[in-house]
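Engineer: Could you work out the structure for the sequence below:
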Amino acid sequence: MAARRVEDARSLDPGTIRAKILIGPVTLYRVSQQGSKAPIGIWWFSEQVAQRCRDEAGADGAKQLDWLRNVLAVCFNWSTFDRVERFSLHGGERIPTVLGKGLSMPHYKADPFIDRNTGERVISLPKDYWQKKGNTLLGGELQIVLPWLPVNRVSTTTHL
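Structural biologist: Numbers count the residues shown, from 1 in each chain. Modelled structure (predicted):
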């Protein structure tokens, strides 16, 4: 299941993908969308990336989120990217992960979907899609995919 989600996303460099058992203590982070009803996502990043973000973007939460969106290459139409989630693995705890370096991504990714009312394949483009076409997000950071996660241990904040 996790391998299929990683493969379908086409957002990790195939030459860098590997499975690993992560052993605590370790703190991981992800950025998500406030008010989302979706389950907690599987894409996370390490304390090392969080610390570089603090060092390079400073303490301003909005600047941190902009820095993270660029290096994690999260397309603007995937998430409003306005909430940080944190998960801590306690000493000696183990959790299976998939690791890989993120690929660069376009500003917007226009993926088709099936309209539930008509059954037709549809692509919905943001208003400024054509003005942003050609803009890319850097990527290149190590992504940590957590297919199984004790969700009751995830906390939220607005900055790192």
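Engineer: tell me, how many neighbours does the closest residue to residue 93 other than its chain neighbours end up with?
Structural biologist: Nearest non-adjacent residue to residue 93, counting by C-beta to C-beta, 6 or more residues apart in numbering: residue 24, 4.3 Å away. From N, CA and C alone the C-beta is placed, and that goes for glycine too. Residue 24 has 13 neighbours, counted by other C-beta atoms under 10 Å.
Engineer: now swap in residue 120 and tell me
Structural biologist: Other residues close to residue 120 by other C-beta under 10 Å number 9.
Engineer: Can you name the residues that contact the residue nearest to residue 115 when sequence neighbours are not counted?
Structural biologist: With C-beta to C-beta, 6+ apart as the measure, residue 122 is the residue that lies nearest to residue 115, at 4.8 Å, once sequence neighbours are left out. Counting by C-beta atoms under 8 Å, 6 or more residues apart in numbering, residue 122 touches 112-115.
Engineer: where does residue 122 fall, phi/psi-wise?
Structural biologist: phi -130, psi 150 (degrees, to the nearest 10).
Engineer: circling back to that earlier point, buried subset of the contacts of residue 122?
Structural biologist: For the contacts of residue 122, a burial check counting by 16 or more other C-beta atoms under 10 Å picks out nothing.
Engineer: Which of these sits closest to residue 66?
Structural biologist: Set against residue 66, the nearest of the contacts of residue 122 by C-beta to C-beta is residue 113 (27.3 Å).
Engineer: any idea how far the closest one is from residue 25?
Structural biologist: As for residue 113, its distance to residue 25 is 40 Å (criterion: C-beta to C-beta, to the nearest Å).
Engineer: One more: residue 6?
Structural biologist: Distance, residue 6 to residue 25, by C-beta to C-beta: 25 Å.
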